[in-house]
Structures are given as C-alpha cells and as structure tokens.
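Participant: sequence first, predicted coordinates after that:
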Amino acid sequence: MGRWEAKLRLSEGTLLVKNREVVVPGQALAKGKFKPGKDVYVDNSGVLRAKKLGLADIKDNTISVVPLSGVYIPKEGDIVIGIISKISGSTIIVDIRSPYQGAIPIPRGRAVERVDMSKYDLHLGDVILAKVKTFDGSSSLLLTIDMEGLGKLEGGFILEVEPAKVPRVIGKRQSMLSILREKTKSEIIVGNNGRIWVRSPSLKELLALKKALRKIETESHVSGLSDRISSFLSEELSD
Amino acid sequence: MPLYVEKKPDVLITEDGVRTDGRLPHEIRPIRMTVGILDKADGSAFIEWGGNRILTAVFGPREVHPKHLALPDKALIRTRYNMAPFSTPERKRPGPDRRSVELSKVIREAIKPAIFVENYPGSVIDIFVEVLRSDAGTRVAGVNAASLALANAGIAMRGLVAACAVGRVENFIICDPNHDEDMWGDADMPMAMLMESEKITLLQTDGPMTDEQFKEALEMGRRCIRFLYEMQKEALKRPYLIVERSVFEQGEV
C-alpha cells in the first residue's frame, strides 16, 4: 500500500464491524470520518463505540446501534397506550410502562369550550391512546388526548412486546403491521411504548397474533422476518 | 462446638507452583456465563465460576420509590449483594450484614462508571446479586455477572466491566484464588476494569506485597480480566446466534 493510499484510507475512516452485526456495549464500531448515530458515542481517542447491546446499522457515513432490549423512554410526538393509574384533582396520571408517569391536565375555565369534554370522562383502569405532548427528560411528562383518534379505547385486548421491538412490529412503511392486520383480520393499534391494542374477529386470530408477536421479538435480528411472519400466520390460521 | 471445622492444607503451593486444586499460578477456574435467564427481570445473568453460583438481576430504569431518593439529573444506582443461607459451609444468618453491605457498595462503585446515568434522569436502576453457592471470589464474579445483566437489560453503557481476583501464596503471584488460598494465602487483590478504556474501577488489597509483587499481580489481573471480557462478549451474543442458526435450519427443511 502506497503512502497516498494510506493517507486516503485514514481520511475516509475505518469500519470495524459489519452491517447488522450484533454488538455489545463499548465495542469499537469505527474510526475516523464516521458520524455517531443513535446509541453510539465517541470516546476520548475519537473511536465510535456502541452504547447498548444491539445491531450495528451503517447508513452512508453514519453508524447507529439498533438496541435489542430496553425500557420505553418517551419522546415528544410518540403515540402511547396508557392505563389510568390515578386521578387527583385536575390531573389524570397515566401508566405508560416507562420510568416516567404521564400526566394529562383536565381543561378548566375557557379551554373547556374548545375541547370535547366527554373525552375526559375517564376512570381508574381505563385504557387510552395518547400522544406525548412535552417531555423534559426527567420529571414532567405531559400527554394529550385532545386530538382526532386519541382517547379511551373501548373493548379489545392489550398485548405487550418489548419497547425495543416496536419498530420491527410496525416494519418499514408499516409493512409488518399491514401483514398482521391483513392475516388476522384484526384492528391493531401499536403504541410506541410496546403496548398493542387488538380487536380480533375471534380468539383464534388473537392467539395467532400473540404467537406472531413473540416470534417477531425473538427473531427480530434475523433478516427475512416479514416473509417468515407472513407464512407463519398463514399456517396458524389455515384449518 | 462448630459442626464443621476447616483444616488448612499442609501444602498450599508446591515448589513447581502447583496449587491445591491442581492449577498453575496463571490458570483460572472453569467459568460459564449465561444471560437472560430470568423472565420477570429487565436483564439477568448467571455465572458459574469454580464452585461459585451467582444469579444477578437488573430492574430498570424504573420509577424511584420512595420518591425523595430520585436524583434530578441522573439515574440512581442501587445494588444489593446477598448470600443465601445455604451458600456457605456453615449456615449463614439471612439478611444484610457488615460484609454484604460493603460488597454491595464495592460492586456498585465498580459498575457505576460504565453506566450513562445522565441518560435516565429521575429514575433508578436496581441491581441484585444473589450468591447461591460461594467458593472464594464472589465479589468479582458478581461484578462480571452484574455487568452482563445491565447489558442484557438494554441499558446505555460506556463498556462492559470485567473483574478477577489475584493473590499471593508464599512467593507465587496467583490468579483467581480458590477457597484455600483465600483463607490461608498471604495476599488477595480483587480488581475490576471498565473494558472500553481499561480503566480500573475496583482495586482492594488484603495482605502484604512488595512493589514488584504488586506490579506483577496487577499485570496478571489485567490479563485475566481481558480473558473474562472475551467470555462476556460471547455470552451476550450467544442467544442471538442460537436463534439465527435455528431460523436458518428451519429454512433449509
């Protein structure tokens, strides 16, 4: 290797892992001209390292890690499925399966005129679909149900998956979600916090869906997931 | 009178450096690490190291109770090291004692530099280290397993923490002391390293060593810890590789 080549290589940076490889926290991913993406940090000597156990994801010059486990950390704009855990005075406290509890202020005064107050008729244990309005990163997590489609969820069942696997359950451009909806003929709403609301035509479809979700969780890191789930559901639901 | 009296072996180490269990000074006892074996915990690990059997569980980040313990800018780390009543030759009185409170602190401080605590403000990460069977070196085994359980729980970390003990018997610096060497050896030095930078996060010493002996022990500890780190990486990746292989095998049928 000539001097010029060596120089070129250094300026381009060196990659130390393959795309979609399983990496552990602290594992060196790349050196030089790469940008740290999600769940990647740069150490003191400029090496990009993984923050979490996950899959290395290389896109152009950016390396990120797709975590394989972990609890739900709220993000503004996320849609979550919550359960009312407490109603105190003017605030509704919602459990969203996260280290942080959600709060929904009940509108008062003039605000009452422009919102649908029937939506706020909630009781302990009710299941709601809500949106993360603001989150300061620690204590204050405000949710809202004041939008079309949000609010109390009636009937149906709640299934749970690991929050880290939610992107897999939805798939690229909702591909996985449409497979699940189509094959099980069910209404499905996926919350970013890993709760999934389902209304199925019968128990058979619900159980098949539950099994499919388990399969997505355990096999999410192996490519060809959509095809496997699709044929799995066809098999489960054929008589 | 105690029912069980331990006897010091006549020879702790031969002139050729053969130890009471037949190992040479630089050899480690057999180790097996397994992750994700507890269903209800967010992360878990089980380590078998010589006669040690240690189960670790990680919960969190989760809400802090009681609430006033929460830190506004970072996660609180709580550790509990506990020995089962049946883990020792003589029944151990259950519950925390002076030793287990100290080890909880030591393990917490060895692990904490690895965690990005600032990523989870106002929450708590609980680490439980349960010793089911003890056979010298439980604190370092606990550190190894706790670090695996944290990674298994999907918590953001700078790197894994690996740990190993070294010691001195007469003029030999030995790696991973066994029960006899722990009881009757001349010195004992547990250590842990944050593997991304190889910075030492735990170093305790019990017993005298000269400067040269200390340096040799430190170097031997480093080598052992690097070996343990390789085992940790393999243990963390193993479940995913098993699933991958079984999917491919099903595809071939």
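Facilitator: Great, that's in hand. Numbering: from 1, shown residues only, chains lettered A, B, ... in the order given.
Participant: touching chain B at all, the biggest helix by length in chain A?
Facilitator: Among the elements of chain A assigned as helix by DSSP state H, the one spanning the most residues is helix A:203-219. Yes - between helix A:203-219 and chain B, judged by CB under 8 Å from any CB of the partner chain, the touching residues are A:218, A:219. Where C-beta positions appear, they are placed from N, C-alpha and C, glycine not excepted.
Participant: is chain B contacted by the helix or strand just after that helix?
Facilitator: The element immediately downstream of helix A:203-219 (helix or strand, assigned by DSSP states H and E) is helix A:225-237. Yes - using CB under 8 Å from any CB, helix A:225-237 reaches chain B at residue A:228.
Participant: picking up where we left off before, can I get the CA coordinates of the longest helix of chain A in PDB?
Facilitator: Taking C-alpha atoms only, helix A:203-219 is exported to PDB below (Å, rounded to 0.1, in the frame of the first residue of the first chain):
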ATOM      1  CA  LEU A 203     -60.000 -15.900  19.800                       C
ATOM      2  CA  LYS A 204     -58.200 -17.900  17.100                       C
ATOM      3  CA  GLU A 205     -56.800 -14.800  15.400                       C
ATOM      4  CA  LEU A 206     -55.900 -13.200  18.700                       C
ATOM      5  CA  LEU A 207     -53.800 -16.200  19.800                       C
ATOM      6  CA  ALA A 208     -52.200 -16.400  16.400                       C
ATOM      7  CA  LEU A 209     -51.300 -12.700  16.600                       C
ATOM      8  CA  LYS A 210     -49.900 -13.200  20.100                       C
ATOM      9  CA  LYS A 211     -47.700 -16.000  18.900                       C
ATOM     10  CA  ALA A 212     -46.600 -14.000  15.900                       C
ATOM     11  CA  LEU A 213     -45.600 -11.100  18.200                       C
ATOM     12  CA  ARG A 214     -43.400 -13.500  20.300                       C
ATOM     13  CA  LYS A 215     -41.800 -14.700  17.100                       C
ATOM     14  CA  ILE A 216     -41.100 -11.100  16.000                       C
ATOM     15  CA  GLU A 217     -39.500 -10.400  19.400                       C
ATOM     16  CA  THR A 218     -37.200 -13.400  19.400                       C
ATOM     17  CA  GLU A 219     -36.200 -13.300  15.700                       C
END
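Participant: so what does that helix touch, helix or strand wise?
Facilitator: Using 3 or more CB pairs under 8 Å, 6 or more residues apart in numbering or on different chains; DSSP states H and E as the contact criterion, the neighbours of helix A:203-219 among helices and strands are strand A:157-160, helix A:166-170, helix A:175-184, strand A:195-199, helix A:225-237, helix B:211-252.
Participant: which of those sits closest to residue B:152?
Facilitator: Distances from residue B:152 to each of these were compared using CB to CB; the minimum, 6.9 Å, belongs to helix B:211-252.
Participant: in stretch A:178-198, what's buried?
Facilitator: Along stretch A:178-198, these residues count as buried under the neighbour rule (16 or more other CB atoms under 10 Å in any protein chain shown): A:179-180, A:183-184, A:186, A:188-198.
Participant: equivalent analysis for stretch B:236-253, please.
Facilitator: Neighbour-count burial for stretch B:236-253, counted by 16+ other CB under 10 Å, picks out B:236, B:237, B:239, B:240, B:244, B:247.
Participant: tell me what angle the longest helix of chain A forms with strand A:195-199.
Facilitator: Taking axes from the mean of the first three to the mean of the last three CA atoms, to 10 degrees, one finds that helix A:203-219 is oriented at 160 degrees with respect to strand A:195-199.
Participant: and chain A, which residues reach chain B?
Facilitator: On the criterion CB under 8 Å from any CB, chain B has as its neighbours in chain A the residues A:22, A:24-27, A:39, A:41, A:43-44, A:49, A:51-54, A:67-71, A:73, A:99-101, A:137-139, A:164, A:218-219, A:221-222, A:224, A:228.
Participant: just the buried members of those residues?
Facilitator: Among those, the ones that count as buried by 16+ other CB under 10 Å are A:22, A:24-27, A:39, A:41, A:49, A:51-54, A:67-71, A:73, A:99-101, A:138, A:164, A:219, A:221-222, A:228.
Participant: tell me which of those fall in strands.
Facilitator: Residues from these lying in strands, with DSSP state E as the criterion: A:22, A:41, A:49, A:54, A:67.
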